[in-house]
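Participant: structure here, sequence nowhere to be found:
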């Protein structure tokens with residue numbers, strides 16, 4: 001096995017992980033970002049970003065590409081698509097095994113992010129990628145002049161529903177409550193769009209079709225009535241779950257939602273182990289909050305490593 005030594009290892013290349021990489025590498029720390037998927041995380045899936053300070057309008061893909069370029073320009077190693085077979089988080093030296101390489105460092109930042117939450121109803125897995133999507137940016141253009149449903153009532157659901165009207169002939173927002181959890185400006189934008197209809201106080205009970213999705217069944221939660229609706233596609237935006245499955249058998253403290261527990265310094269219960277972004281327990285999950293987490297985790301990890309090497 002080949003060993004590679006760093007000052008800090010970062011697990012996850014989303015907004016939090018890349019921000020940590022930028023701060024650490026710019027401070028001349030030797031750092032590597034390891035990501036099991038695509039660099040950018042959930043940010044890549046965001047069609048339009050209009051509230052990132054200092055940037056008038058951009059896409060998630062563009063912003064993540066810029067962050068990646070920044071991190072690499074300062075010397076940060078960025079490795080996407082890795083398959084982690086083992087890691088050690090306790091003790092003086094942390095290690096992550098990928099193939100025949102063991103990455104070692106005195107500190108590690110867990111920035112594993114989150115993933116789209118599923119409805120977990122019959123037919124969802126069968127038609128995932130065949131009419132059911134969790135990413136408007138990825139799949140919106142497949143539904144040109146089609147009728148689609150957007151499930152959810154938060155900011156992401158309403159903003160993506162508006163974005164999808166650029167492709168779809170009609171978008172129906174289906175939500176389980178009689179009100180939305182989104183900001184008022186997002187609600188108003190959706191309500192004023194002539195291509196958008198609403199089905200409230202309802203949830204989908206089944207997906208069906210043949211080679212691709214053709215119909216959904218949904219239940220009105222107020223009356224109990226079951227309805228069927230022919231549809232070309234469904235986009236689901238009902239929040240995220242923390243990507244912490246790999247941590248369940250470790251000593252890292254998780255809460256009942258499997259989110260990493262940390263203090264305001266982004267320190268976990270293990271010495272030298274920090275966290276940042278959507279994988280940690282927090283109130284708000286935005287790109288800006290992920291960036292803030294990454295900054296704090298990086299600076300505290302840097303301080304920790306510096307103190308160890310100067311003793």
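Facilitator: Right, received. Where do you want to start? The shown structure was predicted, so the numbers you read here are calculated from the model rather than taken from an experiment.
Participant: may I have the secondary structure class of the nearest residue to residue 31 once chain neighbours are set aside?
Facilitator: Nearest in space to residue 31, with sequence neighbours left out and distances taken as Cβ to Cβ, 6 or more residues apart in numbering, is residue 24 at 4.4 Å. Where you see a C-beta, it was placed from the backbone N, CA and C, and this is true even at glycine. With DSSP: H, G, I helix; E, B strand; the rest coil as the basis, residue 24 sits in helix.
Participant: quick one: residue 24 from residue 198, how far?
Facilitator: When Cβ to Cβ, to the nearest Å is applied, the distance between residue 24 and residue 198 equals 46 Å.
Participant: higher neighbour count, those two?
Facilitator: For the pair residue 24 and residue 198, the greater number of neighbours falls to residue 24 (31 against 15), based on other Cβ atoms under 10 Å.
Participant: list the residues that contact that one.
Facilitator: With contact set as Cβ atoms under 8 Å, 6 or more residues apart in numbering, residue 24 has these partners: 7, 8, 10, 31, 76, 298, 301, 302.
Participant: ok, residues contacting the lowest-mean-pLDDT helix or strand in the chain?
Facilitator: For the chain, counting by mean pLDDT, DSSP states H and E, helix 136-139 ranks last in confidence among helices and strands (a mean of 82). Applying Cβ under 8 Å, 6+ apart, the contact partners of helix 136-139 are 44-47, 59-61, 133, 160, 163-164, 233, 235.
Participant: specify which member of those residues is nearest to residue 84.
Facilitator: Set against residue 84, the nearest of the contacts of helix 136-139 by Cβ to Cβ is residue 44 (20.3 Å).
Participant: ok so the closest one is a helix residue?
Facilitator: Yes - Residue 44 sits within a helix when classified using three-state DSSP.
Participant: hmm, residue 60 and it touching each other?
Facilitator: Yes - the pair residue 44 and residue 60 qualifies as a contact (Cβ atoms under 8 Å) at a distance of 5.1 Å.
Participant: for residue 93, give its distance to residue 79.
Facilitator: When distance is defined by Cβ to Cβ, residue 93 is 20 Å away from residue 79.
Participant: could you do residue 244 as well?
Facilitator: Residue 244 sits at a distance of 20 Å from residue 79 (criterion: Cβ to Cβ).
Participant: neighbour count: these two, which is higher?
Facilitator: Here residue 244 and residue 79 are set side by side on neighbour count (other Cβ under 10 Å), and the busier one is residue 244, at 22 against 14.
Participant: all helices of the chain, in order?
Facilitator: 15-26, 60-73, 124-127, 136-139, 155-164, 184-191, 287-310 (DSSP state H).
Participant: ok, residues contacting the last one?
Facilitator: Going back to what we said before, that points to helix 287-310. Contact with helix 287-310 is made by 7-8, 14-24, 27, 29, 43, 46, 49, 51-53, 60, 63, 106-107, 109, 111, 264-267, 272, 274-278, 280, 282, as judged by Cβ under 8 Å, 6+ apart.
Participant: per-domain residue ranges of the chain.
Facilitator: Here the domain assignment for the chain is 2-115+240-310, 118-236, based on automatic domain parsing.
Participant: comparing those, which comes out most buried?
Facilitator: Among the domains of the chain, domain 2-115+240-310 has the highest mean neighbour count (mean count of other Cβ atoms under 10 Å), at a mean of 19.
Participant: start to end distance for that one?
Facilitator: As for domain 2-115+240-310, its first-to-last residue distance stands at 27 Å under the measure Cα to Cα, to the nearest Å.
Participant: any idea how far it is from the chain center?
Facilitator: For domain 2-115+240-310, the separation from the chain centroid amounts to 12 Å (computed by Cα atoms, centre = their mean, to the nearest Å).
Participant: mean confidence for that domain?
Facilitator: Averaged across domain 2-115+240-310, pLDDT comes to 93.
Participant: I'd like to know how far the residue nearest to residue 27 when sequence neighbours are not counted sits from residue 285.
Facilitator: Leaving out its chain neighbours, the residue that sits closest to residue 27 by Cβ to Cβ, 6+ apart is residue 302, at 5.7 Å. From residue 302 across to residue 285, the span is 25 Å (Cβ to Cβ).
Participant: much appreciated, bye for now.
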